[in-house]
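In: this is a predicted model, with the sequence first.
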Amino acid sequence: MRWLVLGLGLAVGISCFPADNDDLALECDAASFVDEAEEALRKQSEIAAFDAWAYATNLTEETQKQSDKSETKLQLMNKEFGKEALSYDLSKIGNPDVKRKLKLLRDVGTAVLPEIKLKEFIALKSGMGQTYSTAKVLDYKTGKRNFSLEPEMTEIFRTSRDPDELHYYWEMWREASGEQIRTPYFSLVELLNKAAEINGFKDASIMKVVGYESESFHKEMETTWLGLKPLYEQLHAYVRSKLNNYYGEKVVASSGPLPAHLLGNMWAQSWGNLADILQPYPDKPDIDVTDEMIRQGWTPKKMFQEADNFFHSIGLERVPEKFWSESLLEKPEDGREVVCHASAWDFYNGEDFRIKQCTRVDQKDFVTVNHEMGHVQYFLQYRNQSYLYRDGANSGFHEGVGDLLSLAVGTASYFKTLGLLGKDVNITDTETDINILFNMALERIAFLPFGYLVDKFRWDVYSGKTSVENMNCHWWKLRNQIQGMKPPSKRSFSQFDPGAKFHVANDVGYVRYFTAYIYQFQFYSSLCKVSGSYVPGDPDKPLHRCNFYGSTEAGDKLREMLRMGAARPWKDAMEKITGQREMNTDAIREYFKPLEDWLEKENKDSGVEVGWGDVEVDDVCQQFQSEQNN
């Protein structure tokens, strides 16, 4: 029995000198155990993070082996500490910090697997991830050059308006990435469900969302989506009408789902690249500042420096010097294969924080830059918390903070501050205002159904609602039902289109982005109010024109929440910044209300059909034989 606690015990105010009280002795022992477990896990997490960085920035067999080795050791440590945490009777632990940390230690996820199965799981994940990150496609025009997703295919989807070219890259990317990991994914699902069973969950669909601390999380997400669907349907109908006018009825029908390859993005998750076709008032300004960034000679580093300046303007911390020397902000030109998907990194030593991004100089990547810098600011603010609390209040909070900043820097007034938008642009003009809101909706509202359905799909696979053999056809059933999309050509059960998305190939949760897109507007509304740049009911200070750049009052309020890390349940963190304890859609609906009213009127006046109806799965995907017979 441990009687004196050095660190956590003292930090949480437990007097742990010898006493006759058995409950106190148990609590002191638990506090000592938690303290030792946190430091051991912190040290191994630091090692694993450095090895994972070495692999992500240089994809070789050697770096993969080392990263897998470190990750396996970390997961085995999680497993052992999780087992010991289970030995404590939480009903006899009075200190809320000790109790919360014991609960966090018990949540070991896949680390609960037997060692041989855990190693298999880690190898599967890294193998699928490498397949995704190194996938290449022969170019459409000559068939001789190898194109990667970043930057070549992403740029083609941004700029090309050739349906045949886009169809080619859409299909070839899925053949080179998702289709190659279909069989390994079967094994991944089996191992995830085995881990869930050992952890006492019905299946992985429950285990994967335990961090949201809600027994009805799946239903809550469905309800939230259905509440936002009417706004999305109006946007979908307007976009379909515009694309029908541009491409003609044979390419884009005036009714039904949209062809998934024509939305300016490999996954049709954001539609902002089509602003040149879709803009409501083409003769009025919008706020696409890409050309101006290029004209002024912006570089990837300058994009990150301006993001750093934003945080500094509201009284938060600048990134440390090591950030600039150790981050990877551009795709290397030395022949290395790297994971180009943007990500922010905490190395668990309180001083090393980095970003890995193959940055392009354009507005879209500037938004991503600010998103990733939001993660880093969260790291900086909670770095003095103990290991188990060095995280977001939930995974959606971390993304929500990133999105909050990307939302704040997407305003016309901020672009004016940066000198990227002319001072003569009148953002209060009604038509200009609609253009600006519409462009924001092409990113924020267009994303919502995709943000929900990626994990909805995986929950259905884990729970057996669809078989793994037929999961690709189930994917297209959901893409149609939820997002109103159809593939450019009929798909097959033998393909695996979801695996053409980074987060599926790398087993990274996705519903966090859906929740984040709701949280960010709640956060934004609160910070805008305290900054004075948004006043409810004041037509001169609407939410969608708020810019809290330079507001230390907003920075102070944000800091209060960020510093909490994961020390309290997410509802406490939500209350700290917004005064509310629940996720709700009031703020996002208010932000887009002028646009929603405009879309409803425009669609009605134009006789545009709203919605896309039902599609027979067999029409878009050849199903697995046993499914067809049922």
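Out: Thanks, I have the structure now. Because the structure is a prediction, the values reported are computed rather than measured.
In: where do the strands sit along this structure?
Out: 137-138, 146-147, 258-259, 343-346, 353-356, 485-486, 491-492, 621-622 (DSSP state E).
In: buried deepest among these, which one?
Out: Greatest average neighbour count among those goes to strand 485-486 (a mean of 24), per mean count of other Cβ atoms under 10 Å. Bear in mind the C-beta positions are built from the backbone N, C-alpha and C, glycine included.
In: ok, for the residue nearest the centre of the chain, nearest residue in space, not its chain neighbours?
Out: Against the mean C-alpha coordinate of the chain, by Cα atoms, centre = their mean, the closest residue is residue 513 at 3.9 Å. Residue nearest to residue 513 in three dimensions, not counting chain neighbours: residue 451, with 4.6 Å by Cβ to Cβ, 6 or more residues apart in numbering.
In: before we move on, what about residue 154?
Out: residue 266 (6.9 Å).
In: so residue 441 versus residue 239, what's the distance?
Out: Residue 441 sits 10 Å away from residue 239, going by Cβ to Cβ, to the nearest Å.
In: again but with residue 22, I slipped
Out: Per Cβ to Cβ, residue 22 is found 67 Å from residue 239.
In: looking at the two, which one has more neighbours?
Out: Taking neighbours as other Cβ atoms under 10 Å, residue 22 and residue 239 compare with residue 239 leading, 24 against 10.
In: residue contacts, the closest residue to that one other than its chain neighbours?
Out: Closest residue to residue 239 apart from its sequence neighbours, by Cβ to Cβ, 6+ apart: residue 278 at 5.9 Å. Neighbouring residues of residue 278 by Cβ atoms under 8 Å, 6 or more residues apart in numbering: 238, 239, 242, 243, 271, 438, 442.
In: now do residue 167
Out: Residues near residue 167 by Cβ under 8 Å, 6+ apart: 261, 488, 489.
In: rerun at 7 Å
Out: 261, 488 (Cβ atoms under 7 Å, 6 or more residues apart in numbering).
In: again with residue 107
Out: Shown in contact with residue 107 (Cβ under 7 Å, 6+ apart): residue 210.
In: distance check, it against residue 398.
Out: Residue 107 is 17 Å from residue 398, by Cβ to Cβ.
In: can you check residue 335 too?
Out: Distance of residue 335 to residue 398, computed by Cβ to Cβ: 33 Å.
In: show me the two of the contacts of residue 278 that sit farthest apart.
Out: 243 and 438 (14.5 Å; Cβ to Cβ).
In: so where's the stretch 101-250 of the chain shaky on pLDDT?
Out: Along the stretch 101-250 of the chain, no part satisfies pLDDT under 70.
In: in it, which spans are helices?
Out: 115-134, 154-159, 163-176, 182-198, 204-207, 217-247 (DSSP state H, counting those that start in this stretch).
In: OK, contacts around residue 156?
Out: Residue 156 neighbours (Cβ under 7 Å, 6+ apart): 165, 169.
In: try residue 203
Out: 193, 196, 462, 463.
In: tell me the confidence at residue 91?
Out: Residue 91 is assigned 90 on the pLDDT scale.
In: give me the neighbour count for it.
Out: 8.
In: roughly how far apart are it and residue 394?
Out: Per Cβ to Cβ, residue 91 is found 25 Å from residue 394.
In: equivalent analysis for residue 599, please.
Out: Residue 599 is 32 Å from residue 394, by Cβ to Cβ.
In: also residue 326?
Out: When distance is defined by Cβ to Cβ, residue 326 is 28 Å away from residue 394.
In: between the two, which has more neighbouring residues?
Out: residue 394 (24 against 15).
In: surely that one touches residue 214?
Out: No: using Cβ atoms under 7 Å, residue 394 is not in contact with residue 214; the gap is 9.7 Å.
In: what's the local residue count around the residue nearest to residue 507 when sequence neighbours are not counted?
Out: Using Cβ to Cβ, 6+ apart and skipping residues adjacent in sequence, the residue nearest residue 507 is residue 125, 5.3 Å away. A total of 20 residues lie near residue 125 under the criterion other Cβ under 10 Å.
In: residue 125 against residue 504, yeah?
Out: No: in this structure, residue 125 is not within contact of residue 504 by Cβ under 7 Å, at 11.2 Å.
In: ranges for the helices of the stretch 401-550 of the chain?
Out: 412-417, 430-463, 471-478, 502-505, 511-531.
In: for residue 116, give me its contacts.
Out: Contacts of residue 116 (Cβ under 7 Å, 6+ apart): none.
In: distance of it relative to residue 185?
Out: 20 Å.
In: closest to residue 609 out of the helices of the stretch 401-550 of the chain?
Out: Between the helices of the stretch 401-550 of the chain, helix 430-463 lies closest to residue 609; by Cβ to Cβ that is 18.1 Å.
In: and that closest one, which residues are buried?
Out: Under the neighbour-count criterion of 16 or more other Cβ atoms under 10 Å, helix 430-463 has 432-462 buried.
In: which secondary structure elements does it sit against?
Out: helix 182-198, helix 204-207, helix 217-247, helix 275-278, helix 471-478, helix 511-531, helix 593-606 (3 or more Cβ pairs under 7 Å, 6 or more residues apart in numbering; DSSP states H and E).
In: so for residue 351, which of these sits nearest?
Out: helix 511-531 (26.5 Å).
In: from the middle of its chain, how far away would the closest one be?
Out: 14 Å (Cα atoms, centre = their mean, to the nearest Å).
In: other residues contacting that helix?
Out: Identification of contacts with helix 511-531 by Cβ under 7 Å, 6+ apart yields 221, 224, 395-397, 399-400, 403-404, 407-408, 444, 447-448, 451-452, 455, 534, 543, 546, 548, 551, 553-554, 557-558, 577-578, 580, 583, 585, 587-588, 591.
In: what's the answer for stretch 411-431, then?
Out: 281, 284-285, 287, 289, 292-293, 306, 408, 432-433, 436, 545, 547, 549.
In: those, buried ones only, as a PyMOL selection?
Out: Written as a PyMOL command, the selection of buried residues from the contacts of stretch 411-431, which uses 16+ other Cβ under 10 Å, is:
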select buried, resi 284+285+287+289+292+293+306+408+432+433+436+545+547+549
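In: among the helices and strands of this protein, which has the poorest mean pLDDT?
Out: Within the chain, no helix or strand scores below helix 8-11, which has a mean of 38 by mean pLDDT, DSSP states H and E.
In: which intervals of this structure have sub-threshold pLDDT?
Out: Residues of the chain meeting the criterion pLDDT under 70: 1-20, 626-630.
In: same thing but 80
Out: Along the chain, segments meeting pLDDT under 80 span 1-24, 286, 423-424, 626-630.
In: re earlier: any idea how far the residue nearest to residue 239 lies from residue 251?
Out: Taking Cβ to Cβ, one finds residue 278 at 15 Å from residue 251.
In: again, but for residue 79
Out: According to Cβ to Cβ, residue 79 stands 53 Å off from residue 251.
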